[in-house]
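> Quick one: sequence and predicted model below, then my questions.
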Amino acid sequence: MTSCNHYESKVPISSPSNSIIEESLLGEWILSPESKSEEASGYLEVIPFNDNEYLVQLKEYADSTKHIESIINIRMFASEVSKNTYFNLQFIGTDIDKGFMIYRFKPVSGNRYKVFFLSKNEFNKTFPNSKSFREFVEKNPKEFDKYFEMEGILERKIK
């Protein structure tokens, strides 16, 4: 979720006021590459921020210890477009650009999702407002989906 290839939009696909919290996404998760031979690339905790938004905490641990080295806070909310769910993610902090990254989660099994991000290498359109972004996605759903690249597998952390 901190790759350099993410497309960033000045506006989200829709307003967070239209979003709802999905209980199934709450909790602790491990983000791993699709190849099981590589180590986890991130640990996430997803908690409700308010009635419409999540707070995602990306935790980086010091090598071979349980000490947290850093926490990156990310605001996240869903946009429903023609029965497809897209997630708008925005870093929280004073020194970080406030653009929105767009993600999709596709269920693999009960507690596993494939995670895809909208790639700036594939998609370069800009939108003056959320209405125009949403209209583009509604009118071009198959084309829009082609612009996503796989980030990895999100798997519920078992304690």
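Sure thing, it's come through. Since the structure is predicted, the reported quantities are computational estimates derived from the model, not experimental observations.
> which stretches of the protein form helices?
130-139, 141-145 (DSSP state H).
> can you list these in TSV and add mean neighbour count, mean pLDDT and distance to Lys98?
Glycine gets a C-beta too; all of them are placed from N, C-alpha and C. Listed next are those as TSV, based on neighbours: other C-beta atoms under 10 Å; pLDDT from 0 to 100; distance: least, C-beta to C-beta, whole Å:
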stretch	mean neighbour count	mean pLDDT	distance to Lys98
helix 130-139	16	97	14
helix 141-145	13	95	23
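> Make JSON lines out of those and add distance to Glu8.
Below are the helices of the chain laid out as JSON lines (distance: least, C-beta to C-beta, whole Å):
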{"stretch": "helix 130-139", "distance to Glu8": "12"}
{"stretch": "helix 141-145", "distance to Glu8": "16"}
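> how about Lys114, what does it touch?
Lys114 makes contact with Glu34, Phe105, Lys106, Val108, Met150, Gly152, Ile153, Leu154, according to C-beta atoms under 8 Å, 6 or more residues apart in numbering.
> Asn5 versus the fifth one, what's the distance?
In this case it means Met150. Distance of Met150 to Asn5, computed by C-beta to C-beta, to the nearest Å: 11 Å.
> quick check, nearest of the contacts of Lys114 to Ser15?
Distance to Ser15, by C-beta to C-beta, is smallest for Phe105 among those, at 20.2 Å.
> burial count for that closest one?
A count of nearby residues for Phe105, using other C-beta atoms under 10 Å, gives 18.
> May I have the beta-bridge partners of the closest residue to it other than its chain neighbours?
Nearest non-adjacent residue to Phe105, counting by C-beta to C-beta, 6 or more residues apart in numbering: Tyr113, 4.2 Å away. Beta bridges link Tyr113 to Pro107, Leu154 when assigned by DSSP bridges.
> and Tyr113, what is it in contact with?
Phe105, Lys106, Pro107, Ile153, Leu154.
> Identify the farthest-apart pair in the residues you listed.
Pro107 and Ile153 (11.2 Å).
> So for those two, which sits in the more crowded spot?
Set side by side, Pro107 and Ile153 give different neighbour counts by other C-beta under 10 Å, the larger being at Ile153 (20 against 10).
> Give me the nearest residue to the more buried one, chain neighbours excluded.
Using C-beta to C-beta, 6+ apart, the nearest residue to Ile153 is Ser32, at 5.2 Å.
> Lovely, talk soon.
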